[in-house]
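1. Next one to model:
(4 chains)
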Number of protein chains: 2
Amino acid sequence: MHERDWIMEETKKHTKRSNYHHGDLKTQLIEATRVLVEQKGPDHFSVSEACRVAGVSTAAPYKHFKDKNEMLQEVAVAGMQRQREQMLEEVSVHPRGTLPRIVALGRVYIRFAQKEPGVFRLMFGLSEDHDEHATLSEMGEGTYTAVQQEVAWCRGSEAIEEQDTQRAFLLWSFVHGLSFLLIDGKLAHMNLDFDLEEVLNDVAERVIGPKA
Amino acid sequence: MHERDWIMEETKKHTKRSNYHHGDLKTQLIEATRVLVEQKGPDHFSVSEACRVAGVSTAAPYKHFKDKNEMLQEVAVAGMQRQREQMLEEVSVHPRGTLPRIVALGRVYIRFAQKEPGVFRLMFGLSEDHDEHATLSEMGEGTYTAVQQEVAWCRGSEAIEEQDTQRAFLLWSFVHGLSFLLIDGKLAHMNLDFDLEEVLNDVAERVIGPKA
DNA sequence: TTGTAAAGTTAGAGACTCTAACATATGTTA
DNA sequence: TAACATATGTTAGAGTCTCTAACTTTACAA
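-> Numbers count the residues shown, from 1 in each chain, chains lettered A, B, ... in the order given. Prediction:
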């Protein structure tokens, strides 16, 4: 609510536009979309509301985006980039080939889900479109490759082997599942209170450990 | 498509109704909802279309359901029951306290997701409503308790302890994540081809094994 | 037999996505 | 510098959807 008001304010600045042309509409629509997706969730996001926030008519977005879905995709892609940057940053403080790096990857994944559940759903939920979807997949694959590399390093190997792929896959499934369980509130009523850091360490040890 | 035609046929039987009253509408609407949710996905399910399938006016469902969401909830609850039954069945062929039982639980979870992704999303996705949502949560908690019990038995204990809860939680996160990665097509373009049974065994050993 | 409640129907309000046709600014080119 | 082309707005409206109100038909009980 506050954030929306803020958006409205920011918009007003440009809205004094006797301009007719907005000047910066595409950017502002993407930002409004991001905010609304967080506020209402991807399912209840409406283009109309984004227009209201940005102070333009409901037809305006279609000069910049093919359809609603394309607006959401842009937000998703931006989210992927943010998440990736956070991973690189958080991983970099630990030496290569150590568990803390693996743990850091998982922590960022889950933290992102909790901080921006709406965008996270956009990034990792079912994607309608198979067009822009390509970009998203590629970014995902990039991240996945990075995880595999980390796992290989933990083995003391530079090259990624089958077992690394397998283990990275286990790790991914786990943090992915945990993220959704958390943001979908499936753990809310369980008396499960756990320390995320502990769990991540536990999982990393179990998965990276022997027995492949 | 075929299934829809089938529904239409079935409906016709009752539709010769010079009855005015349908006789069996609620049941048929739920079934139509289930089928459509599978066909189009929960997001693209529309009450209107269910009405077309059932051969009634678009206002008819509101005599039986509070709103669209309630229709979906009923399908979700029925899904939970089916999944639970399958678990009980598949687990029962193995002796208590053995890994194959754990594996069976995971297998059913994932198989259900793959066979009925639409209903699965309804069951385990974000639920809007906090009313009927109660039933769904309770059923979920019931299943989770069952998993904890299985884990405890693997330790040779009847009573569920903290470590069992923790391990069950790891198992759940994993199969949950894997299910969504699969049905959301996130693994499609990876050259990851894995044997599910193998992976489940691997995970079960790693999680049930020592180091807690 | 008759009255009431359950379960249909039609009509329509209000919201949404997206398109078509039109309007206005911007900026390039003769 | 005029004028055209293009980009980016607007208004209007078609077609879809959810859900409600008011009416109708049927079933069942008194």
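2. got a list of what residue A:142 touches?
-> Counting by CB atoms under 8 Å, 6 or more residues apart in numbering or on different chains, residue A:142 makes contact with residue A:84. C-beta coordinates here come from the backbone N, C-alpha and C atoms, glycine included.
3. can you pull the contacts of the residue of chain A found nearest chain B?
-> With CB to the nearest CB, the shortest gap between chain A and chain B falls at residue A:177, namely 2.6 Å. Contacts for residue A:177 (CB under 8 Å, 6+ apart) come out as B:172-180.
4. Grab the nearest non-local neighbour of residue A:76.
-> Closest residue to residue A:76 in three dimensions, ignoring its sequence neighbours and counting by CB to CB, 6 or more residues apart in numbering or on different chains: residue A:122, at 4.0 Å.
5. In which helix or strand does that neighbour reside?
-> Assigning secondary structure by DSSP states H and E places residue A:122 in helix A:117-124.
6. Give me the helices and strands touching that helix, please.
-> When contacts are defined as 3 or more CB pairs under 8 Å, 6 or more residues apart in numbering or on different chains; DSSP states H and E, helix A:117-124 sits against helix A:25-40, helix A:68-91, helix A:133-154, helix A:162-183.
7. Apply 10 Å and report the result again.
-> Using 3 or more CB pairs under 10 Å, 6 or more residues apart in numbering or on different chains; DSSP states H and E as the contact criterion, the elements in contact with helix A:117-124 are helix A:25-40, helix A:68-91, helix A:99-115, helix A:133-154, helix A:162-183, helix B:162-183.
8. Could you check how far the residue nearest the centre of chain A is from residue A:181?
-> Using CA atoms, centre = their mean, the residue of chain A that lies closest to the mean C-alpha position is residue A:120, 3.9 Å off. Between residue A:120 and residue A:181 the computed distance is 13 Å (CB to CB, to the nearest Å).
9. Identify the contacts common to these two.
-> Both residue A:120 and residue A:181 are contacted by residue A:113, under the criterion CB atoms under 10 Å, 6 or more residues apart in numbering or on different chains.
10. and of the helices and strands packed on helix A:117-124, who's closest to residue A:52?
-> Using CB to CB as the measure, helix A:25-40 is the one of the helices and strands packed on helix A:117-124 that comes nearest residue A:52, at 8.8 Å.
11. buried sites along the closest one?
-> Within helix A:25-40, the residues scored as buried using 16 or more other CB atoms under 10 Å in any protein chain shown are A:25-26, A:28-38.
12. hey, which helix or strand in chain A has the poorest pLDDT?
-> Across the helices and strands of chain A, mean confidence by mean pLDDT, DSSP states H and E is lowest for helix A:2-15: a mean of 40.
13. Stretch A:36-45 near DNA strand D at all?
-> No - residues of stretch A:36-45 contacting DNA strand D under CB under 7 Å from any atom of the strand: none, with a closest distance of 11.9 Å.
14. Quick one: end-to-end length of that stretch, please.
-> Between the opening and closing residues of stretch A:36-45 we find a distance of 6 Å, counting by CA to CA, to the nearest Å.
15. How far does it sit from its chain's centre?
-> 14 Å (CA atoms, centre = their mean, to the nearest Å).
16. quick check, that stretch touching chain B?
-> Yes - counting by CB under 10 Å from any CB of the partner chain, chain B is contacted by stretch A:36-45 at A:41-44.
17. ok, residues contacting that stretch?
-> Contact partners of stretch A:36-45, identified using CB under 10 Å, 6+ apart, comprise A:1, A:3-4, A:7, A:32-35, A:46-47, A:49-50, A:52-53, A:68, A:71-72, A:75-76, A:79, A:115-122, A:125, A:183, B:42-43, B:125-126, B:128.
18. Rounded mean pLDDT for that stretch, please.
-> In this model, stretch A:36-45 has an average pLDDT of 98.
19. cool, and stretch A:155-165?
-> Mean per-residue pLDDT for stretch A:155-165: 96.
20. Verify the contact between residue A:49 and residue A:29 for me.
-> No - contact criterion CB atoms under 10 Å: residue A:49 and residue A:29 do not qualify, at 11.1 Å.
21. got the residues of chain A near DNA strand D?
-> Residues of chain A lying close to DNA strand D (CB under 7 Å from any atom of the strand) are A:20-23, A:25, A:56-60, A:63-64.
22. out of those residues, which one sits closest to residue A:164?
-> For residue A:164, the closest of the residues of chain A next to DNA strand D turns out to be residue A:64, at 41.8 Å, with distances computed as CB to CB.
23. Grab the nearest non-local neighbour of the closest one.
-> residue A:26 (4.4 Å).
24. closest to residue B:192 out of the helices and strands packed on helix A:117-124?
-> helix A:162-183 (6.0 Å).
25. okay, and for chain A, where does confidence drop off?
-> Low-confidence segments of chain A, defined by pLDDT under 70, span residues A:1-18, A:20-21, A:131-132, A:211-212.
26. Neighbours of residue A:97, how many?
-> A count of nearby residues for residue A:97, using other CB atoms under 10 Å in any protein chain shown, gives 15.
27. do the same with the one 3 residues further on
-> Counted by other CB under 10 Å, the residues lying close to residue A:100 total 16.
28. Now do the contacts for it.
-> With CB under 10 Å, 6+ apart as the criterion, the residues that contact residue A:100 are A:90-91, A:93-94, A:107, A:200-201, A:204.
29. Closest one to DNA strand C out of these, please.
-> Of all the contacts of residue A:100, DNA strand C sits closest to residue A:107, with 34.3 Å by CB to the nearest atom of the strand.
30. what separates the closest one from residue A:196, distance-wise?
-> In this view, residue A:107 and residue A:196 are 7 Å apart by CB to CB.
31. do the same with residue A:175
-> Computed as CB to CB, the residue A:175 to residue A:196 distance reads 10 Å.
32. the more surrounded of the two?
-> Shown here are residue A:175 and residue A:196; by other CB under 10 Å, residue A:175 has more neighbours (24 against 15).
33. Contact partners for the more buried one?
-> When contacts are counted by CB under 10 Å, 6+ apart, residue A:175 touches A:105-110, A:113, A:147, A:199-200, A:203, B:173-174, B:177.
34. Distance to DNA strand C added to those residues, as TSV?
-> Output for the contacts of residue A:175, formatted as TSV (distance: CB to the nearest atom of the strand, whole Å):
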residue	distance to DNA strand C
A:105	35
A:106	34
A:107	34
A:108	31
A:109	29
A:110	30
A:113	24
A:147	34
A:199	38
A:200	38
A:203	39
B:173	33
B:174	35
B:177	30
